[in-house]
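Colleague: the sequence isn't on hand, but the structure is:
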């Protein structure tokens, strides 16, 4: 089967084509429903048959990753219809490529035997990637169908936490000894049908499977065949342990431009490898999940998931914000007397709170980034806070000054203008200090600062902003 | 020079070590300043010499990417001090690895001849990457120092826009003809000193330089030497044009697990290649800049940049938010009469606006993501809006209902509770529709929806929320 690889543009066109075929199909099916066409006629209908044939041909020509893309972009009914059409021998590869949310909808539509057949097409490490979505009995049957080496591998792959190197690792390793020549190595490699995808180096091990070095294919190709592997191999290797943190491995891949890297156990015995495509998927997933969690989405959401599923995915964030909003509301409640007297306060107070939140979030974003890169240490916290306080002070006087003038222009009360300027400056100072401290404290207590910092900070600048502004106003104006 | 590669953990330790050496150094220098130690004694001071030697050794042992990491994490004065210590022959590689903001601080500290020397160590495509930060006269001198092929390459590399494949491309291509055998190819390759980094395939071209196919090293290694290249090479190649969009190339690299891919011009003539490390850097940069711009930071900010630079980087976002906050404030201003009568309204109104913004941003984040993946089309906009309206309606009744009860409990006014529930539901509906439409319209009119959607949406849910809540209250309560 020739699998064409497609540009993003041509994929969009294919998606449109499939949508059109599905529309036509719907039309015919609707006719049957309305009993304007007997059912047996549908099956015999030439146009219909032609459509289906076209669809089959189109899908068969696509790379599994492209079929996955199409499935992601279709509403549930169309998605499952297309899923039926995909050749069963490609189910496994496609399940691997779709997002978690979409995989769940596809798996829900398959029976145990179909699932077992699909999973059996996959490598052990790939099974581990989708294991969480498989029904327990299917996973059990699958375990039993594996030989003991692969069963052990699957068990150990499943035992590593999601954020570890073990979870990124695969087992497609080709090994040779160090006491043979390049020529013998070449002969050995030529006996293999093919090398695992992304192979850029062969791993050199001793009799016990201990890693001695790596032999890049580049070195095989440019060195004289008579040389011994031991002479040519690279000894200074970037290697990982399965319990290492995946994020650090990703950093190393970026920093040292790696394609594959060996994974060894405590005794330096080679147990697997990491490839750059696994790392790239990891980086992409991390970036996506950061973005999602910053907006308060618990996980990747299937674009066409049910209303109910969406609500489940989003409710916790709304609940947290409801609580912080209620707190801010109670702060305002303390000053209802002042507001009743000077109702202009009600119109001006959200500005103070809002700009504080925006400014604080700028600081927090900087700090979260620096924390992720490991650039924040005890030595430099103080200079960071000083800098942010400087920025806040200048911004406060600048924007606060402008707002003070606007408030004076609107309400003709110079004291109100002064309150505005003062409150803005104070709230920006609060925002700057909290913007540094909140992510630092979260990371110190083992929480991911990327996730909750913004909510916590905004809660402070909201409640704080209202309190500072209304408090100042009550003192100065009343 | 042996360059050790380090884990994130050991890098942090090295950073601490350097910080300690710098502290010691400062102490000694301070003594000189206070004239407690004559200057010539400083240079002769044994401890001092020992420190400097240690620092030199440490820095020389580090990979350029690791030196870059250290430089990023140091305040400006320490950074420049360390920069002085780095061997001049590594300046180029390190300049390539640091972020734009930090590169500017380093370049500002170098004179023209140092810069020229550093740049001359780099490949043409690498020079293009840092060209924007180089002074014009240095770039001019550099151009003149290149041979005509490389000058043309540099010119063309500089001519491609930042988001194009041309900007990611390098020129490290090894080519062979298709009418030779594997054995001859191997002989040819062995005559080369080394292959470019990340080489996983040799490009097969004809006499005119037209790309015919690619020969993966894997295929060289596993096929019999007598076979002809034409028989072994892969013809179905993922290839790019320099004017292609970088983002699409990145998607293709992820989708098809590529390590390198050829770049050809309109006539299918091979002009360069893209490597997975360039793609990975691109993906990381994209993700970072998305995060920064969502928080309203114009660009990557040097953690220790001056207060003034930080303010420049952040002011435009604050200005925009000031305008939207003022608009919302004027909406409240319309209802000051109502607020003066029922001051509870002032305490409750930020809740309606805030939850609307949160909920709308969840929707927008989903849509922005789907747009980036190309999953949104005319066919499915309607079903997306329906779904979001469904979510908003249920959320509105749920959270609005809870808030209505709370408002009733707090103020003992059932009408106020009704206003709260109604306003929440209406504002969430507004948020859901706008959450879908704002990013769609932005992308339709050629703006990046990831950047401005959130501000625009929050402006609508703020002003809209205040208007809906206070308007309803004025009608029902007064």
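Modeller: It's in. Since the structure is predicted, the reported quantities are computational estimates derived from the model, not experimental observations.
Colleague: every contact and neighbour count from this point should use C-alpha atoms.
Modeller: OK.
Colleague: how many neighbours does residue A:409 have?
Modeller: Other residues near residue A:409 come to 12 when the count uses other CA atoms under 10 Å in any protein chain shown.
Colleague: repeat for residue A:433
Modeller: Other residues close to residue A:433 by other CA under 10 Å number 19.
Colleague: residues in contact with it?
Modeller: A:385, A:388-389 (CA atoms under 8 Å, 6 or more residues apart in numbering or on different chains).
Colleague: distance check, residue A:336 against residue A:417.
Modeller: 20 Å (CA to CA, to the nearest Å).
Colleague: err, residue A:400, not the other one
Modeller: Taking CA to CA, one finds residue A:400 at 9 Å from residue A:417.
Colleague: near chain B, from the contacts of residue A:433?
Modeller: residue A:388 (CA under 8 Å from any CA of the partner chain).
Colleague: ChimeraX command for the buried members of the contacts of residue A:433?
Modeller: For the buried members of those, the matching ChimeraX selection, counting by 16 or more other CA atoms under 10 Å in any protein chain shown, is:
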select /A:385,388,389
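Colleague: now the contacts of residue A:433 as a markdown table including pLDDT and secondary structure?
Modeller: Below are those laid out as a markdown table (pLDDT from 0 to 100; DSSP: H, G, I helix; E, B strand; the rest coil):
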| residue | pLDDT | secondary structure |
| --- | --- | --- |
| A:385 | 90 | helix |
| A:388 | 92 | helix |
| A:389 | 94 | helix |
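Colleague: looking at the contacts of residue A:433, which one is closest to residue A:242?
Modeller: residue A:385 (37.7 Å; CA to CA).
Colleague: quick one on the thing from earlier: residue A:400 and residue A:417: which is more packed in?
Modeller: For residue A:400 versus residue A:417, the count of surrounding residues by other CA under 10 Å is larger for residue A:400: 26 against 23.
Colleague: skipping its backbone neighbours, what lies nearest the more buried one in space?
Modeller: Excluding the flanking residues, the one nearest residue A:400 by CA to CA, 6 or more residues apart in numbering or on different chains is residue A:421, at 4.1 Å.
Colleague: quick check: the one you found vs chain B, distance?
Modeller: 13 Å (CA to the nearest CA, to the nearest Å).
Colleague: how about the strands in chain A?
Modeller: A:175-176, A:201-205, A:211-216, A:260-264, A:270-275 (DSSP state E).
Colleague: those into JSON lines, with extra columns for mean neighbour count?
Modeller: Putting these into JSON lines (neighbours: other CA atoms under 10 Å in any protein chain shown) gives the following:
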{"stretch": "strand A:175-176", "mean neighbour count": "20"}
{"stretch": "strand A:201-205", "mean neighbour count": "23"}
{"stretch": "strand A:211-216", "mean neighbour count": "22"}
{"stretch": "strand A:260-264", "mean neighbour count": "23"}
{"stretch": "strand A:270-275", "mean neighbour count": "24"}
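Colleague: got those as JSON lines, with mean pLDDT and distance to chain B columns?
Modeller: Shown next, in JSON lines, are the strands of chain A (pLDDT from 0 to 100; distance: least, CA to the nearest CA, whole Å):
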{"stretch": "strand A:175-176", "mean pLDDT": "96", "distance to chain B": "14"}
{"stretch": "strand A:201-205", "mean pLDDT": "96", "distance to chain B": "10"}
{"stretch": "strand A:211-216", "mean pLDDT": "96", "distance to chain B": "10"}
{"stretch": "strand A:260-264", "mean pLDDT": "96", "distance to chain B": "10"}
{"stretch": "strand A:270-275", "mean pLDDT": "95", "distance to chain B": "10"}
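Colleague: OK, contacts around the closest residue to residue A:423 other than its chain neighbours?
Modeller: Distances taken as CA to CA, 6+ apart put residue A:469 closest to residue A:423, at 5.0 Å, once the chain neighbours are dropped. Taking CA under 8 Å, 6+ apart, we find residue A:469 in contact with A:349, A:352, A:419-420, A:423-424.
Colleague: state the pLDDT value of residue A:469.
Modeller: On pLDDT, residue A:469 comes in at 97.
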